[in-house]
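# okay, here's the prediction I keep looking at, along with the sequence it came from:
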Amino acid sequence: MDMGPFLIETHLRTKRPIKELAAAHEVSASWLFKLLRRYRLEGPAGLERRSRKPKSSPTRIADLWEDEIVALHKELAGDGFDAGAQTVHYHLAQRHRHPPSPSTVFRVLKARGFVTLSPKKRPRSAGKTFTADLPNETWQADMTHVELADGTVYEVLNMIDDHSRLCVASRAMKVVKATDVVRALHKAAETWGYPASFLTDNGLIFSTQRHHEVAGVTEQELFALGIQAKHARPYHPQTCGKVERFHQTMKKFLAEQDVETPKQLQRQLDRFVAYYNEVRPHRGIGRRTPMAVYEAREKARPSSSFVKVGDRRLRFDRVDKGGTATLRHKGKLHHIGIGRPYAGWRVAMLIDGLNIEVVAIDGSPLRRLVLDPSKDYQRMP
């Protein structure tokens, strides 16, 4: 029940004093006197509820920040960059000592129609995520397709640091080959150093082990550099989720650009990477820039064991419970004794004709032998 109008009507009907009614019903007498004055001036309309909102507010956000918030949002969105409340707040903080809070920026953008809520969006806690502890501990790499203005499709190879989300390479080419992956890896290492491990999907430019016995160009190069090659489970792109998400952010930016030639595409990629690494705050790393996170910690390095592959054939295998690895020579399968203590180890075999060197994945030597094609089992010496 609306107590105010009820008590005023009771006073007018019964003539009971205002103070007595206020005390009996535990309300403010001054409030009832105010209502009574309104009633005498305006009639029953004076008893209706009124907004408590002040007629003017000298510190109202719209008067101080709204125009700048909207202009900054439009500028970022027009360039294809993220233009959410957190990002706008970050840029305002670079300009002003005491900017409005992210929640205030969000309310302004929502009131002006720049925010579309997604109630069905899956919460961030819905899935488990993994993040490397150190910069260069793991790089993620993947290839995606980008269409130019004339409809020509180019492939873009992206590599990012798992710990900091720093983009270490973004190269556009007509078709990405395994040799291009190796070239981009070496080029990125000139600036950032080599990673300890390299995480990719099972595309042929990254791995041939599911299709051939011999390791491909990328795997051989990683092995020779002491870099551990990691691959996502087939049909499970979430393992490389960080670089997959980077693809989306990159394509959103490119969609706002006028890209007609491969050179223009690469220039825009370089521009985007510079902004992404050094300016754009990243939600996944505490609203810091990837460059700031990358530079904050010591860098991981590849294994100290470097193995020269050269012209030798490279095969990977896992030592079975009996302590042997397998190798096929001229259609015949041979078992090579490594030793029971190494059961379960993943090993690499560098093959030059009948000369075989077996090493652990970290490059440490396990056995050297000359294969005897007449024997199935190659015993330990």
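Good, I have the coordinates. Numbers count the residues shown, from 1 in each chain.
# how about the strands in the stretch 51-200 of the chain?
Taking DSSP state E, counting those that start in this stretch to define them, one finds strands in the stretch 51-200 of the chain at 139-147, 153-161, 167-173, 197-200.
# what about these, which gets the closest to Val273?
Shortest separation from Val273 across the strands of the stretch 51-200 of the chain is recorded for strand 167-173, at 4.8 Å, computed as CB to CB. Where C-beta positions appear, they are placed from N, C-alpha and C, glycine not excepted.
# distance from the chain centre to that closest one, please.
A distance of 16 Å separates the C-alpha centroid of strand 167-173 from that of its chain, computed with CA atoms, centre = their mean, to the nearest Å.
# contact partners of it?
Where contact means CB atoms under 8 Å, 6 or more residues apart in numbering, the residues beyond strand 167-173 that reach it are 139, 141, 146, 154-161, 180, 184-185, 187-188, 191-192, 246, 250, 262, 265-266, 269-270, 272-273, 276-277, 290.
# just checking, Gly4 touches Trp31?
Yes - the pair Gly4 and Trp31 passes the contact test of CB atoms under 8 Å, sitting 7.1 Å apart.
# show me which of those two is the more surrounded one.
Ranked by neighbour count (other CB atoms under 10 Å), Gly4 and Trp31 place Gly4 first, with 19 against 14.
# enumerate every residue touching the more buried one.
27, 31-32, 35, 47.
# could you dump those to JSON lines with distance to Leu327?
Supplementary listing: these in JSON lines, determined by distance: CB to CB, whole Å:
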{"residue": "Val27", "distance to Leu327": "93"}
{"residue": "Trp31", "distance to Leu327": "94"}
{"residue": "Leu32", "distance to Leu327": "98"}
{"residue": "Leu35", "distance to Leu327": "97"}
{"residue": "Leu47", "distance to Leu327": "96"}
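# now, these that are in helices?
Among the contacts of Gly4, the residues falling in helices (DSSP state H) are 31-32, 35.
# between these, which sits nearest Cys240?
Trp31 (64.7 Å).
# contacts only, for the closest one.
Trp31 touches 4, 22, counting by CB under 8 Å, 6+ apart.
# circling back to that earlier point, closest to Val108 among the ones in helices among the contacts of Gly4?
Among these, Trp31 lies closest to Val108 (CB to CB), at 34.8 Å.
# what separation is there between the closest one and Arg288?
Taking CB to CB, to the nearest Å as the measure, Trp31 falls 51 Å from Arg288.
# sec struct for Thr326, please.
Per DSSP: H, G, I helix; E, B strand; the rest coil, the secondary structure class of Thr326 is strand.
# so where is the stretch 151-300 of the chain shaky, pLDDT-wise?
Within the stretch 151-300 of the chain, the stretches with pLDDT under 70 are 209-215, 235, 237.
# let's see 90
Confidence mapping of the stretch 151-300 of the chain against pLDDT under 90 gives the ranges 201-241, 255-258, 280-287, 297.
# helices along that one, start to end?
Defined through DSSP state H, counting those that start in this stretch, the helices belonging to the stretch 151-300 of the chain, from first to last, are 178-192, 217-225, 241-254, 262-278, 290-296.
# buried residues, the longest one. List them.
Meaning helix 262-278. Along helix 262-278, the positions that meet the burial threshold by neighbour count (16 or more other CB atoms under 10 Å) are 265-266, 268-269, 272-273, 275-277.
# what's the farthest-apart pair in the residues you listed?
Longest span within the buried residues of helix 262-278, CB to CB: Leu265 and Asn277, 18.4 Å.
# break this structure into its domains for me.
3-47, 62-111, 139-222+232-296, 313-378 (automatic domain parsing).
# rewinding a little: tell me the most buried of the strands of the stretch 51-200 of the chain?
Highest mean neighbour count among the strands of the stretch 51-200 of the chain (mean count of other CB atoms under 10 Å): strand 197-200, with a mean of 23.
# show residues contacting that one.
Counting by CB under 8 Å, 6+ apart, the neighbours of strand 197-200 from elsewhere in the structure are 137-142, 162, 185, 206-207, 218, 222, 227-232, 239-240.
# any idea how far the most centrally placed residue in the chain lies from Ala232?
With distances taken as CA atoms, centre = their mean, the chain has Lys242 as the residue nearest its mean C-alpha position (3.8 Å). As for Lys242, its distance to Ala232 is 12 Å (criterion: CB to CB).
# then Leu333?
According to CB to CB, Leu333 and Ala232 sit 29 Å apart.
# more neighbours: which of the two?
Ala232 (21 against 9).
# list the contacts for that one?
When contacts are counted by CB under 8 Å, 6+ apart, Ala232 is found next to 199-202, 239-240.
# okay, now Arg245: neighbour count?
13.
# try the one 3 residues further on
Around Gln248 sit 10 other residues, with neighbours defined as other CB under 10 Å.
# cool, and the one 10 residues further on?
Burial measure for Asp258: 7 neighbouring residues, criterion other CB under 10 Å.
# and it, what does it touch?
149, 264.
# do that again at 7 Å, thanks
When contacts are counted by CB atoms under 7 Å, 6 or more residues apart in numbering, Asp258 is found next to Ala149.
# go on, Val115?
Contacts were defined as CB under 7 Å, 6+ apart; by that measure Val115 touches 106, 109.
# thanks again, I'm all set now.
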